[in-house]
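# based on what follows, work out the 3D shape:
(2 chains)
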Amino acid sequence: DAGVIQSPRHEVTEMGQEVTLRCKPISGHDYLFWYRQTMMRGLELLIYFNNNVPIDDSGMPEDRFSAKMPNASFSTLKIQPSEPRDSAVYFCASSWEDTQYFGPGTRLTVL
Amino acid sequence: EDQVTQSPEALRLQEGESSSLNCSYTVSGLRGLFWYRQDPGKGPEFLFTLYSAGEEKEKERLKATLTKKESFLHITAPKPEDSATYLCAVRGFGRGGGNKLTFGTGTQLKVEL
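Below you'll find the predicted structure:
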């Protein structure tokens, strides 16, 4: 398997613009997680899905953030409008049982 | 709320110099303690899962152990390729536990020749 696939790998945008991050989980995995990693706060869970249904979105920082999982092989994390404090590395992970497998991440820079 | 504290924040070792990384945790019923390795510019890579006190797991030069309050990642005779950030995470039974992992901030390990 190719592992978890994320795109784009790098995104540079200006404050106020909409940003969409994409994730393809490992085939057969029924959980999908979105994380954000910064130097100050480390790795934080934003939201996770089970069988395409959002289960816990308590980590989503504001209404500017939204996530969808229209099918078992695709998920998006959208930020609108983006702000400089959203600059971070965003990871997607998927799991079948206990172990979460992470993608390579998207490095987001908001100017 | 689940909490994970890792120490030290950074560790510098000479090749072959064994040491241990610590992960202290508080959780409402432990459903699993996880160790990951993260290289710069990459996503965390799974190493081990431990479920109960007394459990140990090994992989090459790494051995993870678990007590009721902490976990240790022992590195025996490390090599430069073991240089990475090591992350610890817990999954608990508490409110909102589910499949949620709470991560520590990691130990940055540098192994020099």
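
# would you list the phi and psi of residue 104?
Here I'm looking at chain A. Dihedral angles phi and psi of residue A:104 (degrees, to the nearest 10) take the values phi -80, psi -10.

# oops, chain B please
phi -80, psi 180.

# return the residues in contact with residue A:77.
Residue A:77 sits next to A:20-21, A:23, A:34, A:46-47, A:65-67, A:90, A:92 when contact means CB atoms under 8 Å, 6 or more residues apart in numbering or on different chains. Placement of C-beta: from N, CA and C, glycine included.

# again, only using 7 Å
Residue A:77 sits next to A:21, A:34, A:67, A:90 when contact means CB atoms under 7 Å, 6 or more residues apart in numbering or on different chains.

# can you list those in CSV and add distance to residue A:76 and neighbour count?
CSV is the format used below for those (distance: CB to CB, whole Å; neighbours: other CB atoms under 10 Å in any protein chain shown):
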residue, distance to residue A:76, neighbour count
A:21, 7, 21
A:34, 9, 25
A:67, 7, 20
A:90, 11, 22
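
# so which of those comes closest to residue A:81?
Proximity to residue A:81 was ranked across the contacts of residue A:77 by CB to CB; first place goes to residue A:21, at 15.0 Å.

# sec struct for the closest one, please.
Using DSSP: H, G, I helix; E, B strand; the rest coil, the structure places residue A:21 in strand.

# alright, that wraps it up for me.
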